[in-house]
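Asker: Below are the sequence and a predicted model; questions follow.
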Amino acid sequence: MNDTTNVRQKRFKLVPEMEGMTARWYARQRSSGDQLESYRTGAAKLAGEFPDGTAVLEVAPGPGFHAIELARTGHLRVTGLDVSHTFVDLASDRARQEGVTVDFRHGDVADMPFAAESFDLVVCQAAFKNFARPIDALDEMHRVLRGGGTAVIQDLRSNASAAEIDQEVARMRLSRVNAFMVRRTLGMLRRRAYAPDQFHRLAEQSAFKECTVTTEGIGMGIRLRKQ
């Protein structure tokens, strides 16, 4: 049994349930002005790579901040899929309040309720490490992408240092108590995150077969293309 399989089998036990109060607490911690500006900047940069009418699926969008900013650019058709009922409700409410159209739905990334070749771009922000069946999730991303489509994954990397995590949390400008809790949470999340070489091995076992990985700060960016 290889390392990837071991990681795959452990994930059901490690992922906390993001429902109710836990999901609402998380949403509050991710909604500071600086973080919302970061979502806006990142979404605008990504959206600029794709033409008008691009069909985008964000998997595990959580409270929906990034998906909403993608839709706000005005030239993308955005759908969100999350396993948390609470997150779907929170994201849908926020989109309505912002006057932005995003189709948020409930569902599992490893068994998506979409037809094959439905999207041009699949996005996953800070959630891939939580997936119980990572290779199945990649295979489903591949299935719902059209030929030539791209999957863009950004996530925490397992080899991020404690000092790098401290710097990241400092930029969030949280209260002392919330900063402690977020720092502790990131430390725990790091233990189930992937290193770049591990993600390359996952991609090789998936329908994509290969990926490119770049690192920045405590995170890494992965791109996979459907041939």
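Answerer: Thanks, I have the structure now.
Asker: List the contacts of the spatially most central residue of the chain.
Answerer: Centroid check for the chain by C-alpha atoms, centre = their mean gives Q125 as the closest residue, at 2.2 Å. Applying C-beta atoms under 8 Å, 6 or more residues apart in numbering to Q125 gives the contacts 58, 60-62, 66, 154-155. (Each C-beta comes from the backbone N, C-alpha and C, glycine too.)
Asker: Break down this structure into its helices, ranges please.
Answerer: Counting by DSSP state H, the segments of the chain that form helices are 3-14, 20-29, 33-47, 65-72, 85-98, 134-144, 162-172, 176-190, 196-205.
Asker: Nearest to K226 among those would be which one?
Answerer: Between K226 and these, the shortest separation by C-beta to C-beta is 5.6 Å, and it involves helix 134-144.
Asker: CA atoms of that closest one as PDB?
Answerer: Coordinates of each C-alpha in helix 134-144 appear next as PDB, following Å, rounded to 0.1, in the frame of the first residue of the first chain:
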ATOM      1  CA  PRO A 134      -8.800  12.900  -3.500                       C
ATOM      2  CA  ILE A 135      -8.200  10.900  -6.600                       C
ATOM      3  CA  ASP A 136     -12.000  10.400  -7.100                       C
ATOM      4  CA  ALA A 137     -12.300  14.200  -6.700                       C
ATOM      5  CA  LEU A 138      -9.700  14.800  -9.400                       C
ATOM      6  CA  ASP A 139     -11.300  12.200 -11.700                       C
ATOM      7  CA  GLU A 140     -14.700  14.000 -11.300                       C
ATOM      8  CA  MET A 141     -13.100  17.400 -12.100                       C
ATOM      9  CA  HIS A 142     -11.700  15.800 -15.200                       C
ATOM     10  CA  ARG A 143     -15.100  14.300 -16.100                       C
ATOM     11  CA  VAL A 144     -17.000  17.600 -15.800                       C
END
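Asker: Please point out which parts of it sit buried.
Answerer: Burial within helix 134-144, assessed by neighbour count using 16 or more other C-beta atoms under 10 Å, is assigned to 134-138, 140-142, 144.
Asker: and that helix, what does it pack onto?
Answerer: Where contact means 3 or more C-beta pairs under 8 Å, 6 or more residues apart in numbering; DSSP states H and E, helix 134-144 is packed against helix 3-14, strand 54-59, strand 119-125, strand 145-156, helix 196-205, strand 219-225.
Asker: and if we set it to 10 Å?
Answerer: helix 3-14, strand 54-59, strand 76-82, strand 119-125, strand 145-156, helix 196-205, strand 219-225 (3 or more C-beta pairs under 10 Å, 6 or more residues apart in numbering; DSSP states H and E).
Asker: Describe which strands the third one pairs with in its sheet and in which direction.
Answerer: What it means is strand 76-82. Strand 76-82 pairs in its sheet with strand 54-59 (parallel), strand 103-106 (parallel), by DSSP bridges.
Asker: And these: which comes nearest T22?
Answerer: Smallest distance to T22 across these (C-beta to C-beta): 16.8 Å, for strand 103-106.
Asker: Show me what the closest one is in contact with.
Answerer: By C-beta atoms under 10 Å, 6 or more residues apart in numbering, the list of residues contacting strand 103-106 from outside reads 57-58, 61, 64, 67-68, 71, 77-85, 87-95, 112-114.
Asker: Done for today, thanks.
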